[in-house]
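*Asks:* coordinates only, sequence not included:
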């Protein structure tokens with residue numbers, strides 16, 4: 001039989017190979033999509049860190065979610081830059097509390113929080129690391145928390161005005177924010193600072209006198225030295 005007269009057939013192998021590549025790409029795409037958009041969890045404490053609502057780690061500070069709900073559900077439905085920054089401050093407070101109290105001692109929640117020069121003096125993940133290592137001074141801790149508090153109050157006032165909230169509603173939100181801030185601040189002071197030396201400010205070690213010799217009187221002697229002088233003039 002003349003080979004040239006036989007009908008040409010396309011081999012099946014290339015089609016199977018192309019189909020394999022397409023299926024592989026689809027599977028990889030689905031895995032990447034799952035990893036990006038699936039909420040992230042911490043091990044053994046507090047549930048979801050991101051992706052389950054606003055702010056991040058909302059179960060740690062449920063009052064923060066209540067504040068954002070009031071502002072977002074107002075007639076103006078705020079999504080302004082001020083709203084986003086206020087949301088970020090609440091996320092940092094909640095995430096910091098979550099990591100400090102977490103039994104695994106890892107920087108899990110705070111490492112996802114973006115640095116913002118408007119209200120950050122130290123990156124919150126770095127601050128958390130110093131807390132876990134007890135290497136932060138009370139002065140640096142106070143500065144960071146005071147900046148979050150003061151900036152948060154300014155933003156809350158602006159957002160309340162933009163939302164046309166009544167005065168009693170504004171007072172309620174301010175009390176909730178103060179409660180949130182104080183809750184995390186108290187935990188940070190109790191968990192982040194060393195307690196084995198009396199002076200924390202600046203991390204400087206102050207003079208220390210052992211308890212066993214505090215009540216002893218000053219030691220004095222009139223014994224003559226090698227030169228025969230006993231100290232008397």
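*Replies:* Here it is on my side, so go on. These figures come from a predicted structure and were not determined experimentally.
*Asks:* so where do the strands sit in the chain?
*Replies:* 40-41, 48-50 (DSSP state E).
*Asks:* mean pLDDT lowest where, among the ones you listed?
*Replies:* The weakest mean pLDDT among the strands of the chain belongs to strand 40-41, with a mean of 43.
*Asks:* show me the shaky parts of this protein.
*Replies:* 1-17, 29-55, 58, 74-79, 196-233 (pLDDT under 70).
*Asks:* all helices of it, in order?
*Replies:* With DSSP state H applied, the chain shows helices at 13-37, 62-72, 81-101, 124-133, 138-162, 167-192, listed in chain order.
*Asks:* quickly note the distance from residue 111 to residue 84.
*Replies:* 19 Å (CB to CB, to the nearest Å). Bear in mind the C-beta positions are built from the backbone N, C-alpha and C, glycine included.
*Asks:* between these two, which is the more surrounded one?
*Replies:* residue 111 (16 against 13; other CB atoms under 10 Å).
*Asks:* measure that one to residue 99 for me?
*Replies:* For residue 111, the distance to residue 99 - CB to CB - is 9 Å.
*Asks:* how about residue 126?
*Replies:* Counting by CB to CB, the gap from residue 126 to residue 99 is 12 Å.
*Asks:* which of these two has more neighbours?
*Replies:* residue 99 (29 against 15).
*Asks:* isn't residue 92 right next to residue 124, touching?
*Replies:* Yes. Shown here, residue 92 and residue 124 form a contact pair, counting by CB atoms under 8 Å, at 4.6 Å.
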